[in-house]
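Asker: have a look at this fold, sequence not included:
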(Lines give C-alpha, C1' and ligand atoms only; values in the text may rest on other atoms or scores of the structure.)
Protein backbone atom coordinates (compact mmCIF):
# COMPACT_ATOMS: atom_id res chain seq x y z
CA UNK A 1 0.00 0.00 0.00
CA UNK A 2 2.78 2.47 0.87
CA UNK A 3 4.73 2.27 -2.44
CA UNK A 4 1.45 2.82 -4.31
CA UNK A 5 0.66 5.86 -2.15
CA UNK A 6 4.15 7.36 -2.54
CA UNK A 7 3.89 6.96 -6.33
CA UNK A 8 0.45 8.58 -6.30
CA UNK A 9 1.67 11.54 -4.25
CA UNK A 10 4.67 12.18 -6.51
CA UNK A 11 2.34 12.42 -9.50
CA UNK A 12 -0.29 14.63 -7.84
CA UNK A 13 0.17 17.66 -5.63
CA UNK A 14 -3.53 18.51 -5.44
CA UNK A 15 -4.01 16.43 -2.29
CA UNK A 16 -1.06 17.73 -0.30
CA UNK A 17 -2.28 19.60 2.75
CA UNK A 18 -1.68 23.30 3.20
CA UNK A 19 -2.40 23.57 6.92
CA UNK A 20 -0.62 21.61 9.61
CA UNK A 21 -2.70 20.84 12.69
CA UNK A 22 -0.97 21.33 16.02
CA UNK A 23 -3.06 18.69 17.78
CA UNK A 24 -4.86 15.71 16.32
CA UNK A 25 -8.59 15.95 15.92
CA UNK A 26 -10.52 13.37 17.85
CA UNK A 27 -14.10 14.52 17.91
CA UNK A 28 -17.61 13.15 17.62
CA UNK A 29 -20.57 15.17 16.36
CA UNK A 30 -24.02 14.04 17.32
CA UNK A 31 -27.47 15.25 16.48
CA UNK A 32 -30.62 14.46 14.59
CA UNK A 33 -30.31 13.23 10.99
CA UNK A 34 -29.90 16.07 8.50
CA UNK A 35 -28.46 18.65 10.92
CA UNK A 36 -25.15 19.15 9.10
CA UNK A 37 -22.79 16.69 10.83
CA UNK A 38 -21.30 15.41 7.57
CA UNK A 39 -21.12 18.97 6.22
CA UNK A 40 -19.09 20.03 9.29
CA UNK A 41 -16.68 17.12 8.77
CA UNK A 42 -16.20 18.10 5.12
CA UNK A 43 -15.47 21.65 6.30
CA UNK A 44 -12.81 20.37 8.72
CA UNK A 45 -11.17 18.34 5.99
CA UNK A 46 -11.18 21.39 3.69
CA UNK A 47 -9.19 23.34 6.31
CA UNK A 48 -6.24 21.09 5.48
CA UNK A 49 -7.17 20.13 1.91
CA UNK A 50 -8.97 23.15 0.38
CA UNK A 51 -9.74 21.39 -2.89
CA UNK A 52 -11.39 18.43 -1.18
CA UNK A 53 -14.80 17.29 -2.36
CA UNK A 54 -16.81 14.25 -1.34
CA UNK A 55 -15.96 12.66 -4.70
CA UNK A 56 -12.17 12.98 -4.45
CA UNK A 57 -9.98 9.93 -4.17
CA UNK A 58 -7.69 11.74 -1.72
CA UNK A 59 -5.18 9.17 -0.38
CA UNK A 60 -5.22 10.84 3.06
CA UNK A 61 -8.97 10.76 3.61
CA UNK A 62 -10.53 7.50 4.76
CA UNK A 63 -14.29 7.53 5.20
CA UNK A 64 -16.45 4.67 6.27
CA UNK A 65 -19.92 4.19 7.62
CA UNK A 66 -20.13 1.77 10.47
CA UNK A 67 -23.52 0.11 10.30
CA UNK A 68 -25.25 -2.28 12.69
CA UNK A 69 -23.50 -5.41 11.36
CA UNK A 70 -20.09 -3.74 11.00
CA UNK A 71 -17.53 -5.51 13.18
CA UNK A 72 -14.06 -5.20 14.63
CA UNK A 73 -12.84 -7.41 11.79
CA UNK A 74 -14.32 -5.08 9.15
CA UNK A 75 -12.76 -2.04 10.85
CA UNK A 76 -9.34 -3.41 11.89
CA UNK A 77 -8.87 -6.34 9.51
CA UNK A 78 -9.05 -10.10 9.50
CA UNK A 79 -7.15 -13.22 8.49
CA UNK A 80 -8.72 -14.21 5.18
CA UNK A 81 -8.10 -16.80 2.46
CA UNK A 82 -6.14 -15.30 -0.45
CA UNK A 83 -5.48 -17.02 -3.78
CA UNK A 84 -2.06 -16.50 -5.35
CA UNK A 85 -0.92 -18.43 -8.40
CA UNK A 86 -3.69 -20.95 -7.91
CA UNK A 87 -2.81 -21.63 -4.26
CA UNK A 88 -4.83 -20.61 -1.24
CA UNK A 89 -3.07 -19.09 1.74
CA UNK A 90 -4.32 -17.18 4.76
CA UNK A 91 -3.20 -13.58 5.16
CA UNK A 92 -4.14 -10.54 7.15
CA UNK A 93 -6.38 -8.30 5.05
CA UNK A 94 -6.41 -4.81 6.59
CA UNK A 95 -9.59 -2.93 7.38
CA UNK A 96 -9.95 0.81 7.00
CA UNK A 97 -8.43 1.61 10.41
CA UNK A 98 -5.27 -0.42 9.76
CA UNK A 99 -4.96 1.08 6.28
CA UNK A 100 -5.27 4.61 7.72
CA UNK A 101 -2.85 3.78 10.55
CA UNK A 102 -0.30 2.41 8.08
CA UNK A 103 -0.57 5.51 5.91
CA UNK A 104 -0.27 7.89 8.87
CA UNK A 105 2.69 5.96 10.29
CA UNK A 106 4.65 6.05 7.04
CA UNK A 107 7.56 8.32 7.89
CA UNK A 108 8.70 8.50 4.27
CA UNK A 109 5.66 10.49 3.13
CA UNK A 110 6.27 14.24 2.97
CA UNK A 111 3.73 16.64 4.41
CA UNK A 112 1.23 14.01 5.55
CA UNK A 113 -1.25 15.68 7.85
CA UNK A 114 -3.36 12.68 8.50
CA UNK A 115 -6.07 10.45 7.29
CA UNK A 116 -9.56 11.04 8.54
CA UNK A 117 -12.46 8.69 8.73
CA UNK A 118 -16.11 8.83 9.58
CA UNK A 119 -17.76 6.23 11.76
CA UNK A 120 -21.06 5.30 13.32
CA UNK A 121 -21.93 2.20 15.24
CA UNK A 122 -21.19 0.30 18.43
CA UNK A 123 -17.81 1.97 18.90
CA UNK A 124 -16.60 -0.09 21.86
CA UNK A 125 -17.08 -3.41 20.09
CA UNK A 126 -15.77 -2.13 16.75
CA UNK A 127 -12.61 -0.55 18.20
CA UNK A 128 -11.95 -3.45 20.59
CA UNK A 129 -8.33 -3.41 21.81
CA UNK A 130 -7.47 -0.31 19.77
CA UNK A 131 -9.90 1.76 21.90
CA UNK A 132 -7.00 2.23 24.34
CA UNK A 133 -5.04 4.04 21.62
CA UNK A 134 -7.49 6.95 21.70
CA UNK A 135 -5.84 8.33 24.87
CA UNK A 136 -3.30 10.81 23.48
CA UNK A 137 -0.34 12.59 25.10
CA UNK A 138 0.67 16.24 24.68
CA UNK A 139 2.37 15.48 21.34
CA UNK A 140 -0.78 13.86 19.94
CA UNK A 141 0.52 10.27 19.98
CA UNK A 142 -1.21 7.46 21.83
CA UNK A 143 -0.25 7.44 25.51
CA UNK A 144 -0.43 3.66 25.66
CA UNK A 145 0.71 1.20 23.03
CA UNK A 146 -0.98 -2.10 22.36
CA UNK A 147 0.09 -5.51 21.12
CA UNK A 148 -1.99 -6.69 18.18
CA UNK A 149 -0.13 -9.32 16.18
CA UNK A 150 -2.02 -8.86 12.91
CA UNK A 151 -1.71 -5.07 12.79
CA UNK A 152 1.88 -5.26 14.06
CA UNK A 153 2.99 -7.65 11.33
CA UNK A 154 1.17 -5.62 8.66
CA UNK A 155 2.89 -2.39 9.73
CA UNK A 156 6.30 -4.10 9.78
CA UNK A 157 5.64 -5.66 6.36
CA UNK A 158 4.91 -2.18 4.97
CA UNK A 159 8.03 -0.74 6.61
CA UNK A 160 6.29 1.81 8.81
CA UNK A 161 7.36 0.48 12.22
CA UNK A 162 10.33 -1.52 13.43
CA UNK A 163 10.21 -4.80 15.31
CA UNK A 164 10.01 -4.33 19.04
CA UNK A 165 7.66 -1.34 18.94
CA UNK A 166 4.09 -1.36 20.18
CA UNK A 167 1.27 -0.05 18.05
CA UNK A 168 0.27 3.58 18.61
CA UNK A 169 -1.78 6.17 16.78
CA UNK A 170 0.57 8.87 15.46
CA UNK A 171 -0.25 12.54 15.90
CA UNK A 172 -1.12 12.97 12.22
CA UNK A 173 -4.06 10.54 12.34
CA UNK A 174 -7.31 12.40 12.99
CA UNK A 175 -10.51 10.61 13.98
CA UNK A 176 -13.84 12.29 13.39
CA UNK A 177 -17.17 10.57 13.88
CA UNK A 178 -20.85 11.28 13.77
CA UNK A 179 -23.73 9.74 15.65
CA UNK A 180 -27.40 10.32 15.00
CA UNK A 181 -29.36 10.91 18.18
CA UNK A 182 -31.83 8.35 16.86
CA UNK A 183 -29.16 5.62 17.17
CA UNK A 184 -29.80 3.34 20.14
CA UNK A 185 -26.19 3.35 21.37
CA UNK A 186 -25.68 7.15 21.50
CA UNK A 187 -25.94 7.24 25.31
CA UNK A 188 -23.14 4.69 25.65
CA UNK A 189 -20.83 6.82 23.50
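Answerer: In hand now; what should we look at? None of these values were measured; they are calculated from a predicted model.

Asker: now residue 175: how far from residue 32?
Answerer: Summarising the geometry, the distance separating residue 175 from residue 32, computed by C-beta to C-beta, to the nearest Å, is 22 Å. All C-beta spots, glycine's among them, are computed from the backbone N, C-alpha and C.

Asker: so which of these two has more stuff around it?
Answerer: Set side by side, residue 175 and residue 32 show more neighbours around residue 175, with 22 against 9, by other C-beta atoms under 10 Å.

Asker: isn't the more buried one right up against residue 26?
Answerer: Yes - taking C-beta atoms under 8 Å as the contact criterion, residue 175 and residue 26 are neighbours in contact, 5.0 Å apart.

Asker: what touches both of those two?
Answerer: Common neighbours of residue 175 and residue 26, using C-beta atoms under 8 Å, 6 or more residues apart in numbering, are residue 134.

Asker: can you tell me the element residue 50 falls in?
Answerer: Element membership for residue 50, per DSSP states H and E: none, as it lies in no helix or strand.

Asker: residue at max distance from the center of this structure?
Answerer: Relative to the centre of the chain, the most outlying C-alpha is that of residue 86, 32.3 Å out, by C-alpha atoms, centre = their mean.

Asker: span of stretch 68-79 from start to end?
Answerer: Taking C-alpha to C-alpha, to the nearest Å, the first and last residues of stretch 68-79 lie 22 Å apart.

Asker: identify the residues contacting that stretch?
Answerer: Here stretch 68-79 has contacts from 64, 66, 90-98, 119, 121, 125-128, 130, 148, 150-151, 154, using C-beta under 8 Å, 6+ apart.
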